[in-house]
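Q: can't give you the sequence, but here's the structure:
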């Protein structure tokens with residue numbers, strides 16, 4: 001029980017410290033960089049505040065179901081190839097043997113991104129939070145830090161980017177996002193080529209209206225749960 005309290009306290013401390021440090025930064029960057037950064041700061045701060053009960057409940061559920069940290073941190077490739085640590089709620093077992101076995105499995109999706117419809121590493125709680133994209137909510141902290149945007153191409157792994165063509169690498173011209181055009185157009189059911197095309201279309205047509213539209217479309221896309229695994 002003491003360990004669970006410590007995990008919850010660490011979640012609250014991280015949320016509060018990041019939120020406070022973002023206030024002054026958000027005002028200055030809104031003035032310097034225009035709508036997108038201001039939109040990210042304001043909406044992500046509101047979402048963190050509004051969804052804090054859900055974040056705490058999810059942290060408790062992850063702690064109670066299996067051993068391991070609440071958060072899963074993984075190095076991803078951001079804008080212009082810059083590396084950063086993306087944060088998610090942990091949705092998988094920490095069993096190293098199981099992870100090694102899955103690494104040898106053939107992906108259920110074509111392209112450079114490996115995906116498994118019935119991934120044996122995913123816990124019971126993990127399946128729920130993945131289906132509803134709750135596992136992605138800690139990335140609001142990445143948004144406040146300026147490493148990600150609310151809307152943009154999803155951040156890729158280094159080994160995935162190493163396989164990119166020159167055409168594919170164009171998606172690195174924008175900050176990676178929590179949601180994006182292909183997330184509201186089919187999610188993981190789309191082919192890799194379709195995802196790239198939609199990412200590049202978003203980069204070409206990026207605007208406040210586009211971000212608002214995709215933000216609103218994200219809600220029904222998440223509730224439908226199609227293409228999420």
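A: Received it, and whenever you're ready, just let me know what you need. Treat the numbers as computed from the prediction; the structure is a model and nothing was measured.
Q: Now do the buried residues in the one helix or strand residue 57 maps to.
A: Using DSSP states H and E, residue 57 sits in helix 52-65. For helix 52-65, a neighbour-count test (16 or more other CB atoms under 10 Å) marks 55, 58, 59, 60, 61, 62, 63 as buried. All C-beta atoms are positioned from the backbone trio N, CA, C, and that covers glycine.
Q: Out of those, which comes closest to residue 172?
A: Distances from residue 172 to the buried residues of helix 52-65, taken as CB to CB, are shortest for residue 55 (29.3 Å).
Q: what's the spacing between that closest one and residue 76?
A: 21 Å (CB to CB, to the nearest Å).
Q: swap in residue 86?
A: 4 Å.
Q: which neighbours do those two share?
A: residue 155 (CB atoms under 8 Å, 6 or more residues apart in numbering).
Q: So what's the residue count around the residue found closest to residue 147 once you drop the neighbours it is linked to in the chain?
A: Distance criterion CB to CB, 6 or more residues apart in numbering; nearest residue to residue 147, sequence neighbours excluded, is residue 84 at 4.3 Å. Residue 84: 19 surrounding residues under other CB atoms under 10 Å.
Q: Residue 84 and residue 73 touch, don't they?
A: No - Residue 84 is not in contact with residue 73 according to CB atoms under 8 Å; the separation is 10.0 Å.
Q: where does residue 104 land on pLDDT?
A: Residue 104 carries a pLDDT value of 62.
Q: now do residue 184
A: 88.
Q: Report how many residues lie close to it.
A: 20.
Q: Could you do the one 5 residues further on as well?
A: For residue 189, the count of nearby residues is 13 (other CB under 10 Å).
Q: With residue 195 instead?
A: 24.
Q: Would you mind giving me the confidence score for it?
A: With respect to pLDDT, residue 195 has a value of 91.
Q: so it touches residue 183, yeah?
A: No - counting by CB under 8 Å, residue 195 sits too far from residue 183 to count as a contact (9.1 Å).
Q: overlap in contacts of those two?
A: residue 154.
Q: List the strands paired with whichever helix or strand residue 84 is part of, with their directions.
A: Counting by DSSP H and E, the element that carries residue 84 is strand 83-89. Strand 83-89 has the following strand partners under DSSP bridges: strand 71-77 (antiparallel).
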